[in-house]
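Trainee: What would the 3D arrangement of this be:
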Amino acid sequence: METGTIVLFVVVGFFGLGSAVLGFIAEGTKLTQDDIEASTTQCVYPANPAFALGLVAALLLLVAQIIVSAVTGCCGCCKPRGGGFSGSKRTIGVVFAVLSWIAAAIAELYFLQGAAWNAPVTRKAAEGCYYAKNGVFRRAAILSIIATVLGIKSYLLFHAVAAPGAVPGTEVVGEPKHDGVAMGHPVAPVYGQSPYGHYPPPPAQGYGHYPPQPAQGYGHFPPAAPAQQHAQAV
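Mentor: Got it, this is the predicted structure:
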């Protein structure tokens, strides 16, 4: 697994799961009916940790979603086709990314709704004192986990390589392509060496290869012996 993928898992998992943990904690510390000071004219909501926990959880989930969308390229819509993954993986990745944002949006609404009804404020008691029901932060926490898992899964689909250890778009110099044409850098011939390699050089244009002909008009005979010297002086 690549280092960038591991870093993404750690960062997104930290923000996404951290949001879920804060949501479960906020569920246990939220205001109940007995905590609200009600009178005939107003409702006093005391300070409690659920308000801050809900806001921080919503922020962490939003950051996790933005990171996943940034590295996958606008939920995969900004990624060019090809790039080492098939069309079916691309489609499934886009679906997972969209579902991740839908789950995150619903979780954000639950977090903000729960935080709003746990804010330390005083409200008018026109029709009674309202408070967040049980399960608001718990549902938000579960949806945060679902959104984080779907976001990471979409990232894996968008970055699934076609062949292990191969990087799309790279070629080795001198390696033949699929069309049978070898690719490489041309080599300049050395002086005195035939540029045709192991092929024999072609014959000279307009001339054949024949043995040399004897000179015209002359025969071929051995040289004559030197003249004999006279044995006796004249």
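Trainee: for the protein, which spans come out with low pLDDT?
Mentor: Within the chain, the stretches with pLDDT under 70 are 1, 74-87, 160-234.
Trainee: same thing but at 50, please
Mentor: For the chain, applying pLDDT under 50 flags the ranges 80-85, 161-177, 179-180, 217-218, 221, 224, 227-234.
Trainee: which residues of the protein fall in strands?
Mentor: Assigned by DSSP state E, the strands in the chain fall at 37-38, 42-44, 122-124.
Trainee: Pick the most buried one from these.
Mentor: strand 42-44 (a mean of 15; mean count of other Cβ atoms under 10 Å). (C-beta placed from N, C-alpha, C; glycine too.)
Trainee: Show me what that one pairs with in its sheet, parallel or antiparallel.
Mentor: Paired neighbours of strand 42-44 in the sheet (DSSP bridges): strand 37-38 (antiparallel), strand 122-124 (antiparallel).
Trainee: Please list the outside residues in contact with the last one.
Mentor: Outside strand 122-124, the residues within contact range by Cβ atoms under 8 Å, 6 or more residues apart in numbering are 41, 42, 43, 44, 45, 129, 130.
Trainee: could you redo the last one with a cut-off of 6 Å?
Mentor: Residues outside strand 122-124 that contact it (Cβ atoms under 6 Å, 6 or more residues apart in numbering) are 42, 43, 44.
Trainee: Next: the shortest one.
Mentor: If you take Cβ under 6 Å, 6+ apart as the criterion, strand 37-38 is touched by 44, 129.
Trainee: TSV for the strands paired with strand 42-44, including distance to residue 158?
Mentor: What follows is the strands paired with strand 42-44, written out as TSV (distance: least, Cβ to Cβ, whole Å):
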stretch	distance to residue 158
strand 37-38	52
strand 122-124	47
